[in-house]
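> What shape does this take:
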Amino acid sequence: MKKNILIVLISCCLFAGCSNTKKTTTAMADSSTLAGTWELNYISGLRIAFDGLYPNKKPTITFDVVGNRVSGNTSCNNFTGSLKADGNKISFTDPMALTRMMCMDGNGENVFLETIKKINTWSVTDGNTLNLIMGDIAMMRFTKK
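Down below sits the predicted model:
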């Protein structure tokens, strides 16, 4: 009887230990890990090569978590707006100010702006990769600059 109770207790401890290891990314989802400038290195859903979309300059995004601001460059135009982040939830649906220079690099800017509107969560992995996620799909991936 004591042997069975001991086995049950050990099993419970093992299961509890395993369930905590999966929380590393979401536990890191406080907005201070967003702070700084990130450069786009992947965008989902396109049949055009990434380098074809952004041949001269990759888009960047900068988070000012203290001032609740977001800004960046679409590869052609600059943008700025308010940061709406709560835990790992994030929204880029509020209107942002955007410069309107003529872009000669094709459709990359439009793809960036349309994709970022769909984002609703984020995560940072390995301290230097920002994933912007729609549902459970990583739509955009950035590297810390």
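> When you work out contacts or count neighbours from here on, use the C-alpha atoms and nothing else.
Fine.
> Following element in sequence after the worst-scoring helix or strand of the chain on mean pLDDT, please.
Ranking every helix and strand in the chain by mean pLDDT, DSSP states H and E puts helix 24-27 at the bottom, with a mean of 37. Sequence order places strand 36-43 as the next helix or strand after helix 24-27, per DSSP states H and E.
> That following strand pairs with which strands?
Using DSSP bridges, strand 36-43 pairs in its sheet with strand 60-64 (antiparallel), strand 137-144 (antiparallel).
> Show me what the mean pLDDT comes to for the first one.
Pointing back at strand 60-64 there. For strand 60-64, the mean per-residue pLDDT is 97.
> Give the buried residues for that strand.
If you call a residue buried by 16 or more other C-alpha atoms under 10 Å, then strand 60-64 has these buried ones: 60-64.
> same deal with stretch 58-77?
58-65, 70-76.
> Tell me which two in these are the farthest apart.
Between any two of the buried residues of stretch 58-77, the greatest separation by C-alpha to C-alpha is 24.2 Å, found for 65 and 76.
> that older thread, dump the strands paired with strand 36-43 into JSON lines; add distance to residue 92 as well.
JSON lines is the format used below for the strands paired with strand 36-43 (distance: least, C-alpha to C-alpha, whole Å):
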{"stretch": "strand 60-64", "distance to residue 92": "12"}
{"stretch": "strand 137-144", "distance to residue 92": "13"}
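> Cross-check the contact I'm expecting between residue 115 and residue 139.
Yes: between residue 115 and residue 139 there is a contact at 7.3 Å, judged by C-alpha atoms under 8 Å.
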